[in-house]
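Student: Pasted the sequence and its predicted model underneath.
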Amino acid sequence: MAPAVTGLIGASATTGSITELIDSVEYQYRAVGTTEWTTVAKSTEITNLQLGEYEVRLAATDTAFASRPARVNVD
């Protein structure tokens, strides 16, 4: 298993975003308490999020499992 994701920042206005992603890496995220992961194409941020708490992880690759999720609060 890959190490947990670190260094992410939750930011908000009327919709929230998670920034500080590395654009050469594929991520997955979900709202805390839900079960389905959403894959993010290689990008530096996740946008248009409802305010709340999210889990973000590195997506699995051909050579590594998905990382442990990091929790990010978007408020």
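Tutor: That came through, no problem.
Student: SS state for the residue sitting furthest away from the middle of the chain?
Tutor: The centre of the chain is farthest from one residue, Thr63, which by CA atoms, centre = their mean lies 20.1 Å away. Assigned by DSSP: H, G, I helix; E, B strand; the rest coil, the conformation of Thr63 is coil.
Student: Just the pLDDT for it.
Tutor: pLDDT recorded at Thr63 is 95.
Student: In stretch 42-50, which residues are buried?
Tutor: The neighbour-count check on stretch 42-50 (16 or more other CB atoms under 10 Å) flags Ile46, Leu49 as buried. Any C-beta I mention is one placed from the backbone N, CA and C, and that applies to glycine too.
Student: center of the protein - which residue?
Tutor: In the chain, the centroid-proximal residue (CA atoms, centre = their mean) is Val56; its distance is 2.9 Å.
Student: tell me the contacts of it?
Tutor: Residues in contact with Val56 (CB atoms under 8 Å, 6 or more residues apart in numbering) are Val5, Leu8, Ile18, Tyr27, Gln28, Tyr29, Ile46, Pro69, Ala70, Val72.
Student: from these, which ones fall inside strands?
Tutor: Using DSSP state E, Ile18, Tyr27, Gln28, Tyr29, Ile46, Ala70, Val72 are the members of those that sit in strands.
Student: Name whatever forms a beta bridge with the fifth one.
Tutor: Read that as Ile46. Ile18 (DSSP bridges).
Student: switch to numbering from 8
Tutor: Sure thing, new numbering starts at 8, so read that last one as Ile53.
Student: shaky segments in the protein?
Tutor: For the chain, residues meeting the criterion pLDDT under 70 lie at 8-21.
Student: can you tell me which strand in this protein is longest?
Tutor: strand 59-65.
Student: Which parts of it count as buried, going by neighbours?
Tutor: Using 16+ other CB under 10 Å as the test for burial, strand 59-65 gives Tyr61, Glu62, Val63, Arg64, Leu65.
Student: hang on, isn't Cys36 packed against Ser50?
Tutor: Wrong residue type there; residue 36 is Tyr, not Cys. No - Tyr36 is beyond contact range of Ser50, at 11.3 Å (criterion: CB atoms under 8 Å).
Student: As CSV, could you dump the C-alpha coordinates of the longest strand of the chain?
Tutor: Taking C-alpha atoms only, strand 59-65 is exported to CSV below (Å, rounded to 0.1, in the frame of the first residue of the first chain):
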residue,chain,number,x,y,z
GLY,A,59,-18.0,19.0,4.2
GLU,A,60,-15.3,16.4,4.9
TYR,A,61,-13.6,14.4,2.2
GLU,A,62,-11.1,11.5,1.9
VAL,A,63,-8.5,11.8,-0.8
ARG,A,64,-6.1,9.1,-1.9
LEU,A,65,-3.7,8.2,-4.6
